[in-house]
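[1] Predicted structure and sequence below. I'll ask about it afterward.
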Amino acid sequence: MNFKLEPGKTALIVFDMINDFLVPGSPFESVRAREELVPRLKPLIAACRRKGVLVVFVGQSSRADGSDLGLLREIYPALGGGRVCVAGTPGAEVYKELAPQPGDTIIAKRRFDAFYATDLELILRQRGIDTVIITGTSTSVGTETTARGAVVRDFRVVFPSDGTVNRDLPDVGWGPVSQEELLKVVLTELAQFCRVSPIAGIIR
């Protein structure tokens, strides 16, 4: 897909770039997100702010007692017990190098889809936004799920080919999958109904 980006009708979604995913030694630390993705996102975020594109940070945030975790408690046991991504704690805050500025929006999410059980769609509709640029970690879980969630809600989606990272996936019965292999598949799939472009092209 190809379409013109109109800044006033576009939002940039920065997914799960929070301390519990980026700070060294954090429970869900992603070295790639910190060392590779942060430097790439900085100029994109700056360009969006200059052009009047709404910047939205969405980050995993759960109640301290885990009462809102549901199946996530089984998928990611580390989330249980109020140890990781807890609302109101430093771990659930946006990573300092991408610190939100006045005019940005911060949304706490509970699941992989940033639209599910949040007010993200309401905020975008109220501002007349019909297009979202989706970045962050991780490719095969949060950003891809949110991209699909956006499309089924009739938002146009721009998915930066270098705006997301993933870990290498271990062999669970069908062989291991490298980040490079996974990204190729995800981008090829999403290109069927999203605009896929490198960050430099989006900025231009």
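    All right, it came through fine.
[2] Just list what the host helix or strand of Ala108 packs against, helices and strands only.
    Element membership of Ala108, judged by DSSP states H and E, is strand 105-109. Where contact means 3 or more Cβ pairs under 8 Å, 6 or more residues apart in numbering; DSSP states H and E, strand 105-109 is packed against strand 54-60, helix 120-126. (C-beta placed from N, C-alpha, C; glycine too.)
[3] Could you tell me which residues within it count as buried?
    By 16 or more other Cβ atoms under 10 Å, the buried positions in strand 105-109 come out as Thr105, Ile107, Ala108, Lys109.
[4] For the last one, name its beta-bridge partners.
    Going by DSSP bridges, Lys109 is paired in beta bridges with Gln60.
[5] Distance check, it against Asp16.
    Taking Cβ to Cβ, to the nearest Å as the measure, Lys109 falls 8 Å from Asp16.
[6] Which of the helices and strands packed on strand 105-109 sits closest to Ser178?
    For the helices and strands packed on strand 105-109, proximity to Ser178 was assessed by Cβ to Cβ; strand 54-60 is nearest, at 24.7 Å.
[7] and that closest one with strand 105-109, angle?
    Orientation of strand 54-60 against strand 105-109 (axes from the mean of the first three to the mean of the last three Cα atoms, to 10 degrees) gives an angle of 30 degrees.
[8] Please export the C-alpha coordinates of strand 54-60 as PDB.
    Extracted C-alpha coordinates of strand 54-60, given in PDB (Å, rounded to 0.1, in the frame of the first residue of the first chain):
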ATOM      1  CA  LEU A  54       1.000  13.200  17.600                       C
ATOM      2  CA  VAL A  55       3.600  11.100  19.500                       C
ATOM      3  CA  VAL A  56       2.000   8.400  21.600                       C
ATOM      4  CA  PHE A  57       4.000   6.200  24.000                       C
ATOM      5  CA  VAL A  58       2.200   3.000  25.000                       C
ATOM      6  CA  GLY A  59       3.800   0.800  27.600                       C
ATOM      7  CA  GLN A  60       2.900  -2.400  29.500                       C
END
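[9] Return the distance of it from the chain's centre.
    8 Å (Cα atoms, centre = their mean, to the nearest Å).
[10] and if you look at stretch 193-204?
    16 Å.
[11] hey, C-alpha coordinates of it in CSV?
    Only the C-alpha atoms of stretch 193-204 are listed here, as CSV (Å, rounded to 0.1, in the frame of the first residue of the first chain):
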residue,chain,number,x,y,z
PHE,A,193,-2.4,-4.2,4.1
CYS,A,194,0.1,-1.6,5.5
ARG,A,195,2.6,0.7,4.1
VAL,A,196,6.1,-0.6,4.9
SER,A,197,9.0,1.9,4.6
PRO,A,198,12.3,2.6,6.2
ILE,A,199,12.4,5.4,8.8
ALA,A,200,14.5,7.6,6.5
GLY,A,201,11.8,7.4,3.9
ILE,A,202,9.0,8.3,6.4
ILE,A,203,11.0,11.3,7.6
ARG,A,204,11.4,12.5,4.0
